[in-house]
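In: structure for the following, please:
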Amino acid sequence: MERKTSVLVAGAGIVGLCTAWYLARAGAAVTIVDRAGPGEGTSSGNAGAISAGSVAPLAMPGVLRDVPKMLLDPKGALHIPARYWPVAFPWLWQFVRAAAPERVERIAAALALLLRGAEDCHLEILEAEGAADIISRNGQLYLYRDDAHLAKDDASWKLRRQHGLEMQVLRRAGIMELEPGVAETYNRGVFLPKQSHSLNPLRQARVVARGIERMGGKVRKGNVTALIREGDRITGAMVDGAPEHADHVVLAAGAWSHRLLDAIGIKVPLESQRGYHVMLTDPGVMPRRPVIPADRKAFITPMEEGLRVAGTVEFGGTEAPPNPRRAALLLEDLARVYPQADTRAQKPFWMGHRPCLPDSLPVVGPVASRPGLWCAFGHGHLGLTGSAPTGRLLASFMLGPKPNLDISPLGVERFA
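Out: Numbers count the residues shown, from 1 in each chain. This is a model prediction of the structure:
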């Protein structure tokens, strides 16, 4: 029998899992390794949104004007503790530079290339595993106070429309028709009928993991501490102190990915944007779709276990303890939209590490200077959305048929 191509995937978040699933389906002998169980890290706590149309980068023209205001507001959606400023400043400077109009256009085009067909990719996996019910296809609803508030996001919505996003601008009556419980504060809405969401991101991750095992792949716990080199080629990784050799290694370790690259001389400006959520098990209100108050950039998402309120951006690294004050702000965000919500029955708040790069683009593809090494990290706020299309793309480039696509804008070489 012909020997299967062996692939070691470092990281069992949703990006690593979807990548391993597509590789296993293509016939590779896949082993996926993570110190936690499948999806139990950042992937378990995301907002659940699957947003293929979210091609506008976080850094849009004019962002330099808005950042100081956000930072000076103790309840603002962006928070950087004073102790972390020296670490965060270089990243923020690159973030501001990425907001140049010509760069924004290129970034949006690269995101559109990656995210195209994201929902179809997720459904392809889940239908194969008999779990398509995890995806709800009721759209997403963004809320604005008035026309002036909506106009502040005109550039972002225009960019998304240019790349095919279907959207409907609503007045108060249209909002009430979709979500009758929304507070009177919000009189304008943007409805995205073709966007969807996961009803249970952790269950989704576990379903994908079972699919990998069904196809003969291995899902195991272990700590990947270093990459193994033979000359320039990467031939495996050290897992719990022992060598694990493979024809290819996929680095999908989220906010920790840059540590393995640092050791082989590749520098990437990867930062953890710490996000929080609270889960209400008996909220007294339950929207039919994610509801997003644009002034707070929080996602209010109906899920199997209750109502999840997710959001905020906090810089602080991967080692500092969670900040309960940031989680408490999410309940204030909820009260602005649903003042009638009951917050008494809630699970302990959650915090996770979104792996973010200053240009809002993930690192996806082969590392030219290190044959055998592939990257799949840095998806930021689009980790769930981008996971399945990233997996499909990497499997095609690695095992064929190779698509006629230029993914160099996503390459790690852009930081050289």
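
In: tell me who's in contact with residue 113.
Out: Counting by C-beta atoms under 8 Å, 6 or more residues apart in numbering, residue 113 touches 405, 407, 409. All C-beta atoms are positioned from the backbone trio N, CA, C, and that covers glycine.

In: in PyMOL, how would I select the buried members of the residues you listed?
Out: Buried residues among those (16 or more other C-beta atoms under 10 Å), as a PyMOL selection:
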select buried, resi 407+409
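
In: helices of this protein, start to end?
Out: In the chain, helices defined by DSSP state H lie at 14-25, 63-72, 85-97, 101-115, 118-128, 147-151, 154-162, 172-178, 201-214, 257-262, 324-337, 383-399, listed in chain order.

In: hmm, who's touching the shortest one?
Out: Residues from elsewhere that reach helix 147-151 (C-beta under 8 Å, 6+ apart): 144, 169, 188, 190, 294-295.

In: hang on, the earlier thing: can you redo the helices of the chain as a markdown table with distance to residue 50 and mean pLDDT?
Out: Below are those laid out as a markdown table (distance: least, C-beta to C-beta, whole Å; pLDDT from 0 to 100):
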| stretch | distance to residue 50 | mean pLDDT |
| --- | --- | --- |
| helix 14-25 | 11 | 98 |
| helix 63-72 | 25 | 75 |
| helix 85-97 | 25 | 93 |
| helix 101-115 | 10 | 97 |
| helix 118-128 | 6 | 98 |
| helix 147-151 | 23 | 97 |
| helix 154-162 | 15 | 97 |
| helix 172-178 | 18 | 98 |
| helix 201-214 | 10 | 98 |
| helix 257-262 | 23 | 96 |
| helix 324-337 | 21 | 96 |
| helix 383-399 | 5 | 98 |
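
In: which one of those lies nearest to residue 356?
Out: Nearest to residue 356 among those is helix 85-97; the distance by C-beta to C-beta comes to 8.4 Å.

In: show me what the closest one packs onto, helices and strands only.
Out: Contacts defined by 3 or more C-beta pairs under 8 Å, 6 or more residues apart in numbering; DSSP states H and E place helix 85-97 against helix 63-72, strand 306-315.

In: which one of the ones you listed has the most crowded surroundings?
Out: Most buried of the helices and strands packed on helix 85-97 by mean neighbour count (mean count of other C-beta atoms under 10 Å) is strand 306-315; its value is a mean of 23.

In: show me what that one is packed up against.
Out: By 3+ C-beta pairs under 8 Å, 6+ apart, strand 306-315 packs against strand 78-79, helix 85-97, strand 271-280, strand 299-303, helix 324-337.

In: partner strands of it, with direction?
Out: Strand pairing for strand 306-315, using DSSP bridges, gives strand 78-79 (parallel), strand 271-280 (antiparallel), strand 299-303 (antiparallel).

In: turn these into JSON lines, including mean pLDDT, mean neighbour count and distance to residue 92.
Out: Shown next, in JSON lines, are those (pLDDT from 0 to 100; neighbours: other C-beta atoms under 10 Å; distance: least, C-beta to C-beta, whole Å):
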{"stretch": "strand 78-79", "mean pLDDT": "88", "mean neighbour count": "19", "distance to residue 92": "10"}
{"stretch": "strand 271-280", "mean pLDDT": "97", "mean neighbour count": "23", "distance to residue 92": "9"}
{"stretch": "strand 299-303", "mean pLDDT": "98", "mean neighbour count": "25", "distance to residue 92": "23"}
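
In: residue 49 is nearest to which of the ones you listed?
Out: strand 299-303 (6.1 Å).

In: pull the distance from that closest one to the chain's centre.
Out: 16 Å (C-alpha atoms, centre = their mean, to the nearest Å).

In: also stretch 408-416?
Out: Centroid separation between stretch 408-416 and its chain, computed with C-alpha atoms, centre = their mean, is 19 Å.

In: tell me the buried residues in it?
Out: Under the neighbour-count criterion of 16+ other C-beta under 10 Å, stretch 408-416 has 409-412, 415 buried.

In: nearest to residue 380 among those residues?
Out: So of those, ranked by how close each gets to residue 380 (C-beta to C-beta), first place is residue 410, at 12.8 Å.

In: quick one: the closest one from residue 359, how far?
Out: Using C-beta to C-beta, to the nearest Å, residue 410 is found at 10 Å from residue 359.

In: which among the helices and strands packed on helix 85-97 is found nearest to residue 210?
Out: strand 306-315 (23.3 Å).

In: that closest one versus helix 85-97: what angle between them?
Out: Calculated by axes from the mean of the first three to the mean of the last three C-alpha atoms, to 10 degrees, strand 306-315 forms an angle of 100 degrees with helix 85-97.

In: how about the CA coordinates for strand 306-315, as PDB?
Out: Extracted as PDB, the C-alpha positions of strand 306-315 are listed here (Å, rounded to 0.1, in the frame of the first residue of the first chain):
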ATOM      1  CA  GLY A 306     -28.700  30.100  26.900                       C
ATOM      2  CA  LEU A 307     -27.900  33.700  25.900                       C
ATOM      3  CA  ARG A 308     -24.200  34.500  25.300                       C
ATOM      4  CA  VAL A 309     -23.000  38.100  25.500                       C
ATOM      5  CA  ALA A 310     -19.400  38.300  24.100                       C
ATOM      6  CA  GLY A 311     -17.000  41.100  23.300                       C
ATOM      7  CA  THR A 312     -14.500  43.600  24.500                       C
ATOM      8  CA  VAL A 313     -10.900  43.900  23.500                       C
ATOM      9  CA  GLU A 314      -8.200  43.800  26.200                       C
ATOM     10  CA  PHE A 315      -4.500  43.700  25.700                       C
END
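
In: just give me how far it sits from the chain centre.
Out: On C-alpha atoms, centre = their mean, the centre of strand 306-315 falls 13 Å from that of its chain.

In: residue 307 contacts residue 284, correct?
Out: No. In this structure, residue 307 is not within contact of residue 284 by C-beta atoms under 8 Å, at 9.1 Å.

In: residues shared between the contacts of the two?
Out: Contacts common to residue 307 and residue 284, judged by C-beta under 8 Å, 6+ apart, are residue 341.

In: mind listing what the nearest residue in space to residue 129 that is not next to it in sequence touches?
Out: Closest residue to residue 129 apart from its sequence neighbours, by C-beta to C-beta, 6 or more residues apart in numbering: residue 211 at 4.5 Å. Contacts here follow C-beta under 8 Å, 6+ apart; on that basis residue 211 touches 21, 24, 125, 128-129.

In: swap in residue 80?
Out: By C-beta under 8 Å, 6+ apart, the contact list for residue 80 reads 71, 88, 314-316.

In: kind regards, and thank you for your time.
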